[in-house]
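Engineer: Mind folding the following:
(one chain, ligands or ions: 1)
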Amino acid sequence: MSTPPIAPGATIGIIGGGQLGRMIAVAAAQYGLKAHIYCPDPDSPAFEVAGRRTVAAYDDAAALQAFADSVDVVTYEFENIPRAAAEILAARRPLHPSASALATTQDRLTEKSFVAGLGIPVAPFRAVDDAAGLKDAVEEIGLPAVLKTRRFGYDGKGQVMLRDAVPDPAAVMASLRDQPCILEGFVAFEAEVSVVAARNAEGGFSAYDPCANEHRHHILARTIVPAPGMTPETAAEAMAIARTIADALDYVGVLAVEMFLVRGPDGRASVVVNEIAPRVHNSGHWTIEGAETSQFAQHVRAICGWPLGSPALTGRSVEMLNLIGDQAGDWTRILAEPGRHLHLYGKGEARPGRKMGHVTRVTTGA
Ligand code: AMP
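Structural biologist: As a prediction, the model looks like this:
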């Protein structure tokens with residue numbers, strides 16, 4: 001059963017007040033939609049560009065209910081929303097992506113099992129609940145391997161690289177606060193790539209060209225499109241994987257599928273899925289100037305039941321650089337360089353490792 005589209009003038013409720021929420025709200029405004037942001041932090045960057053704000057905790061049932069009642073559709077900009085909160089919202093308003101898509105992707109074990117169950121390549125993995133489990137998993141999977149907490153990991157937080165024998169598994173588990181974990185075999189990748197894609201309730205699907213992502217200190221530093229080393233066949237395979245995942249989740253909205261580009265002994269490139277982000281994604285920021293439809297506009301279109309826009313590149317290639325910490329202090333120099341598109345998120349203090357903004361350059365011509 002298809003629901004009527006959300007019309008301009010309606011209000012999008014956004015859970016989370018960071019830069020992703022801010023850029024969704026700006027895209028909503030372009031289409032004559034209003035935004036209401038819900039975030040516990042009174043200094044949230046998204047508040048500055050939205051007409052309405054709620055400052056409340058994610059477990060405040062009354063605040064969540066009042067928020068849902070004040071909007072026409074609810075979305076979110078980060079995946080660590082408590083399940084109970086998602087259910088409260090979904091009971092009152094359409095929630096996109098759905099509470100079940102959220103549940104599948106917020107736990108690395110559920111997510112990896114789901115992706116593997118679709119026949120999509122992933123690193124070998126095992127659930128690890130305690131020190132004994134870690135010892136067994138290391139024996140099965142071998143080393144090197146990466147131990148990750150099942151939940152709440154981001155930007156390399158909540159994970160430990162295991163290179164050599166693990167003499168004291170209990171100490172390793174303690175370093176991750178004895179949380180339930182997953183052990184993954186180390187993938188000797190050539191590059192990290194991602195596919196940012198959108199799906200709407202009618203099953204319409206649209207993927208941007210895969211991009212290559214370079215990290216520094218576990219934080220995304222640079223994204224480039226097209227991804228070097230990816231043939232058209234590998235790119236098509238990566239985009240088809242994103243579609244299989246989106247269809248299987250009955251997904252509505254933008255998602256990012258992070259993958260490793262690997263090369264077999266025969267020299268053939270292929271991809272291995274690392275994780276799914278059920279939201280707009282840092283590796284899609286280049287689409288604001290670099291694609292016909294930005295990932296934020298595309299997300300708004302998808303959650304409102306509108307036709308998806310073209311994901312075509314506006315130029316030949318695109319580069320997006322994150323401005324981390326005091327790199328944002330270079331804004332006058334960046335402004336002075338022709339062809340650079342500066343985005344600042346309006347965050348107060350430029351702490352080390354904090355994403356303060358980004359810069360995009362689109363290369364056109366031959
Ligand atoms: P994640 O939080 O899963 O995105 O992991 C953060 C980063 O750790 C990735 O971007 C990779 O650089 C690295 N990494 C994670 N899992 C693996 C793996 N199984 N093999 C090799 N590198 C990994």
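Engineer: List the residues that contact residue 121.
Structural biologist: Applying CB atoms under 8 Å, 6 or more residues apart in numbering to residue 121 gives the contacts 270-273. For every residue, glycine as well, the C-beta is placed using N, CA and C.
Engineer: tell me the secondary structure for residue 29?
Structural biologist: helix (DSSP: H, G, I helix; E, B strand; the rest coil).
Engineer: follow-up on the earlier one: which one of the contacts of residue 121 is nearest to the ligand?
Structural biologist: Ranked by distance to the ligand (CB to the nearest ligand atom), the contacts of residue 121 are led by residue 272 at 8.2 Å.
Engineer: interface residues of the stretch 251-366 of the chain facing the ligand?
Structural biologist: Within reach of the ligand by CB under 6 Å from any ligand atom, the stretch 251-366 of the chain has these residues: 258, 274-275.
Engineer: out of those, who has the most neighbours?
Structural biologist: Among those, the one with the most neighbours (other CB atoms under 10 Å) is residue 274, at 22 neighbours.
Engineer: Wasn't that residue part of a strand?
Structural biologist: Yes. When classified by three-state DSSP, residue 274 is found to be part of a strand.
Engineer: Run through the bridge partners of the nearest residue to it once chain neighbours are set aside.
Structural biologist: Ranked by CB to CB, 6 or more residues apart in numbering and with sequence neighbours excluded, the top spatial neighbour of residue 274 is residue 258, at 4.6 Å. Taking DSSP bridges, one obtains residue 194, residue 275 as the residues bridged to residue 258.
Engineer: mind checking how far residue 258 is from residue 238?
Structural biologist: When distances are taken as CB to CB, to the nearest Å, residue 258 and residue 238 turn out to be 11 Å apart.
Engineer: can you list residues touching both of these two?
Structural biologist: What both residue 258 and residue 238 touch, as defined by CB under 8 Å, 6+ apart, is the set residue 193.
Engineer: could I get the residues of the stretch 251-366 of the chain next to the ligand as TSV with pLDDT?
Structural biologist: As requested, these are arranged in TSV below (pLDDT from 0 to 100):
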residue	pLDDT
258	98
274	98
275	97
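Engineer: for the nearest residue to residue 162 once chain neighbours are set aside, phi and psi?
Structural biologist: Leaving aside its chain neighbours, residue 162 sits nearest to residue 145 (5.0 Å; criterion: CB to CB, 6+ apart). Residue 145 has phi and psi values of phi -150, psi 160 when expressed as degrees, to the nearest 10.
Engineer: Using PDB, list the CA coordinates for the top helix by length along the chain.
Structural biologist: With DSSP state H applied, the helix covering the greatest number of residues in the chain is identified as helix 232-248. Only the C-alpha atoms of helix 232-248 are listed here, as PDB (Å, rounded to 0.1, in the frame of the first residue of the first chain):
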ATOM      1  CA  PRO A 232      33.300  -0.300 -14.500                       C
ATOM      2  CA  GLU A 233      32.500  -4.000 -13.700                       C
ATOM      3  CA  THR A 234      33.600  -3.700 -10.100                       C
ATOM      4  CA  ALA A 235      31.800  -0.500  -9.700                       C
ATOM      5  CA  ALA A 236      28.600  -2.100 -11.100                       C
ATOM      6  CA  GLU A 237      29.100  -5.000  -8.700                       C
ATOM      7  CA  ALA A 238      29.500  -2.700  -5.700                       C
ATOM      8  CA  MET A 239      26.300  -0.800  -6.700                       C
ATOM      9  CA  ALA A 240      24.400  -4.000  -7.200                       C
ATOM     10  CA  ILE A 241      25.400  -5.100  -3.700                       C
ATOM     11  CA  ALA A 242      24.100  -1.800  -2.300                       C
ATOM     12  CA  ARG A 243      20.800  -2.500  -4.100                       C
ATOM     13  CA  THR A 244      20.500  -6.000  -2.800                       C
ATOM     14  CA  ILE A 245      21.100  -4.800   0.800                       C
ATOM     15  CA  ALA A 246      18.600  -1.900   0.400                       C
ATOM     16  CA  ASP A 247      15.900  -4.200  -1.100                       C
ATOM     17  CA  ALA A 248      16.400  -6.800   1.600                       C
END
